[in-house]
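Chemist: no letters, just coordinates:
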């Protein structure tokens, strides 16, 4: 008898996205590795689009970290969040554990505070499930 291979939590973290996708005006969400790979995505986000988002967000996170380090004069920079505003809506990205980012795309009318709070809740859930420490600097 052949037993199907089980996917690890790291192979599919889409479960962490469901509460975010239930929020008003949230359109897409994804879990992205630091090297630009998709670890989970909302069901209506096409694979090709998700891979493009992952690659660009990885580059954006690197650019944000380097820009902040240059301004601060210190290379000991830990990003807490990256936010991009456009006429189509908002992109929010926060670190979600070791070498992982949680990203959300929401429409222009989204309540930013509710989305970022729920993202922090989901990061804590993801950290517990994957056995990595949750971010402890969320309130600072």
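Modeler: Received it, and whenever you're ready, just let me know what you need. Predicted, not measured: the structure shown is a model, and the values here were computed from it.

Chemist: report the beta-bridge partner residues of the residue nearest the centre of the chain.
Modeler: Centroid check for the chain by C-alpha atoms, centre = their mean gives residue 102 as the closest residue, at 1.1 Å. Note on residue 102: beta-bridge partners residue 31, residue 94, judged by DSSP bridges.

Chemist: just checking, it touches residue 19?
Modeler: No: the pair residue 102 and residue 19 fails to qualify as a contact (C-beta atoms under 8 Å) at a distance of 11.4 Å. Every C-beta, even on glycine, is put in place using the N, C-alpha and C of the backbone.

Chemist: common neighbours of those two, please.
Modeler: Listed contacts common to residue 102 and residue 19 are residue 122; contacts here mean C-beta atoms under 8 Å, 6 or more residues apart in numbering.

Chemist: on that earlier part again, need the contact list for the residue nearest to the centre of the chain.
Modeler: Counting by C-beta under 8 Å, 6+ apart, residue 102 has contacts 16, 29-32, 93-96, 119, 122-123, 126.

Chemist: mind putting those into TSV with distance to residue 70 and pLDDT?
Modeler: Formatted as TSV, those follow (distance: C-beta to C-beta, whole Å; pLDDT from 0 to 100):
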residue	distance to residue 70	pLDDT
16	32	89
29	30	97
30	28	96
31	28	94
32	24	93
93	19	97
94	21	95
95	20	93
96	25	91
119	26	97
122	31	94
123	26	93
126	30	80
